[in-house]
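[1] this one's sequence-less:
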């Protein structure tokens, strides 16, 4: 009889270890101290620190910038508007795929302007799907310590006439929580102080518009 009870307990433990939760996607809508507002499989939920939900989520910590959520024992740190896509079933799981998203509202002139970084230095971007490259003024390039004169020379036709530009490789280009490395850019004397965020960056993302908001997603 004792052996039967022992076998039942072992069987129960194995069974419970195999139980897991299926989660298709999580979108982070709001970040607060020790609390997160998230849309989980289409339903908005509030996650509180150290509280395990019925679908296997546990908020480890959170502040206004980022949060750490544990999903069936797997922890992930992410920021606002990140989307986590994963499937957990029968103790097996696919790797977490994190989709990063940036929303940019149009200004009064209908342009999409947002601060970002080039090579870790702060710049102002103008999102321009009509520009082939990330385009930088030569004075700004010097401030960013980009050695553009070593780059390939190009002849460009601009509204101000012909101009010589230099093709460069930018170590990193970042806007919001999206960062790409080794991005092709050009440097020219006739560019404005605002950096044109062109297709050498945007072409590697999903870009869409919703009303007066442009959404970039990686």
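    Yes, it's here. Here the structure is a predicted model, which means the values were calculated and not measured. Residues are numbered from 1 along each chain as shown.

[2] tell me the contacts of residue 122?
    115-116 (CB atoms under 8 Å, 6 or more residues apart in numbering). No exception for glycine: its C-beta is placed from N, CA and C like everyone else's.

[3] From residue 56, how far off is it?
    Note on residue 122: its distance to residue 56, by CB to CB, to the nearest Å, is 40 Å.

[4] now residue 134
    Computed as CB to CB, the residue 134 to residue 56 distance reads 41 Å.

[5] domain parsing for the chain?
    Following automatic domain parsing, the chain resolves into domains at 2-99, 103-217.

[6] ok so, going back, between residue 134 and residue 56, tell me which one has more neighbours.
    residue 134 (26 against 17; other CB atoms under 10 Å).

[7] and that one, what does it touch?
    Contact analysis of residue 134 by CB under 8 Å, 6+ apart lists 118, 170, 173, 183-186, 195-198, 200-201.

[8] quick one: residue 47 is in a strand?
    Yes: assigned with DSSP: H, G, I helix; E, B strand; the rest coil, residue 47 falls within a strand.

[9] I figured it hits residue 69, correct?
    Yes: when contacts are counted by CB atoms under 8 Å, residue 47 is listed as touching residue 69 (6.9 Å).

[10] which residues are common contacts for those two?
    Jointly contacting residue 47 and residue 69 under the rule CB under 8 Å, 6+ apart are 36, 57-59.

[11] about what we covered before: can I get the contacts of residue 134 in TSV with neighbour count and secondary structure?
    Shown next, in TSV, are these (neighbours: other CB atoms under 10 Å; DSSP: H, G, I helix; E, B strand; the rest coil):
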residue	neighbour count	secondary structure
118	24	strand
170	22	strand
173	25	strand
183	21	strand
184	17	strand
185	26	strand
186	24	strand
195	24	strand
196	21	strand
197	30	strand
198	23	coil
200	20	helix
201	25	helix
